[in-house]
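J.: the amino acid sequence is not available; the structure is as follows:
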């Protein structure tokens, strides 16, 4: 009897938590004016996603063969600099990295890409960007090509009842976290109406060469299809300040994430997604605190899970 009551209480708490999260999601969506469906234009047939992985090098010479004669293409990042770009005339182009929206250390390469798109695209093509970056992209890219249509994606993270997640994804009102642009590309492909989607160059090689060099720096080899010659081992840079990852930082972050994951298993029994979200949020907050001890509260971690990424100190 006690077990049954405990189970009912947990179910009620879960429903209450999902209700609060869902209400917060709807409020955010309304107040941020993210009620439009990004996929008003529908397509059919086959589409090939061409990502940046080294395996794409084997596919590039075959893109103009009969196998791809009735296939649309989705490309990303610097693919526009490839000679085959103007021959296959992709209908979709995805950009998610902040370097395409603001001045940065690769500004020269980015400017060259925008120049190529402005000059060479003589077919109808959609460029997809996160909705929060669309205004910055318009200014930074200065694209004026009438063949290019800019499509903003609702990148708001869904929170709430799991049974409703697919509805909001399908109607372009939310999307999975784009930790990598490949996630965005696959989301665009599945939501554009295509019946068949082929993945090319979607490789998982980030951890293959990860190691620590003689200076205690965390390093790896980033390999892409456009690499020429030997790829050198380079230090991994932090995405927020471009400082070099030291192995101590990495080990500390992973350790705190593991401890938070264990706490999540005990606190969110049966809810694997919330357990993982809690661990990731706790690890992120650890990077704001010096030393080995994670001096943040459970409430601060939960606030970040709920989408409060303001970074403001609350004491």
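T.: Great, that's in hand. All of these numbers come straight from a predicted model, not from anything done at the bench.
J.: so what's the residue nearest the centre of the chain up against?
T.: In the chain, the residue lying closest to the centroid (CA atoms, centre = their mean) is residue 178, at 1.3 Å. Contacts for residue 178 (CB atoms under 8 Å, 6 or more residues apart in numbering) come out as 96, 130, 155, 184, 187. C-betas here are computed from N, CA, C, even on glycine.
J.: how far away is it from residue 131?
T.: Relative to residue 131, residue 178 is positioned 12 Å away (CB to CB, to the nearest Å).
J.: re earlier: just the contacts of residue 178: which has the poorest pLDDT?
T.: Ranked by pLDDT, those bottom out at residue 155, which scores 84.
J.: excluding its backbone neighbours, what's nearest that one?
T.: residue 130 (4.4 Å; CB to CB, 6 or more residues apart in numbering).
J.: ok, what's across the strand from that neighbour?
T.: residue 153 (DSSP bridges).
J.: can you start the count at 796 instead of 1 from here on
T.: With the count now opening at 796, the last piece we talked about shows up as residue 925.
J.: neighbours around it, how many?
T.: Neighbours of residue 925 under the rule other CB atoms under 10 Å: 20.
J.: next one: the one 3 residues further on
T.: The local packing of residue 928 (other CB under 10 Å) involves 20 other residues.
J.: surely it and residue 892 touch.
T.: No. Using CB atoms under 8 Å, residue 928 is not in contact with residue 892; the gap is 9.9 Å.
J.: so of the contacts of residue 973, which ones are in strands?
T.: Secondary structure from DSSP state E places residue 925 of these in strands.
J.: just to revisit the earlier point, how close does the residue nearest to the centre of the chain sit to residue 934?
T.: Between residue 973 and residue 934 the distance is 21 Å, computed by CB to CB.
J.: what residue ranges in the protein score low on pLDDT?
T.: Scanning the chain for pLDDT under 70 picks out 796, 828-829, 1001, 1033-1037, 1039-1051, 1081-1090, 1102-1110.
J.: biggest helix in it, by residue count?
T.: Among all segments of the chain classified by DSSP state H, the helix with the greatest residue count is helix 797-826.
J.: just to revisit the earlier point, list residues touching both of residue 973 and residue 926?
T.: Residues touching both residue 973 and residue 926 by CB under 8 Å, 6+ apart: residue 950.
J.: quick check on the spatially closest residue to residue 981 that is not a sequence neighbour: phi, psi?
T.: Distances taken as CB to CB, 6+ apart place residue 844 nearest to residue 981, at 6.5 Å, with adjacent residues excluded. Torsion angles at residue 844 (phi, psi; degrees, to the nearest 10) stand at phi -90, psi 120.
J.: residue 844: neighbouring residues, count only.
T.: Residues lying near residue 844 (other CB under 10 Å) number 22.
J.: bridge partners for it, pull those for me.
T.: Residue 844 forms beta bridges with residue 869, residue 994, as assigned by DSSP bridges.
J.: from residue 870, how far off is it?
T.: Distance, residue 844 to residue 870, using CB to CB: 8 Å.
J.: now do residue 917
T.: For residue 917, the distance to residue 870 - CB to CB - is 16 Å.
J.: so the two - more neighbours on which side?
T.: Remark: of residue 917 and residue 870, residue 870 carries more neighbours, 24 against 10, as counted by other CB under 10 Å.
J.: I'd guessed that one sits against residue 881; true?
T.: No. Taking contacts as CB under 8 Å, residue 870 lies outside contact range of residue 881: 11.7 Å.
J.: circling back: among the contacts of residue 973, which two are most distant?
T.: Greatest spacing in the contacts of residue 973, by CB to CB: 925 and 982 (11.4 Å).
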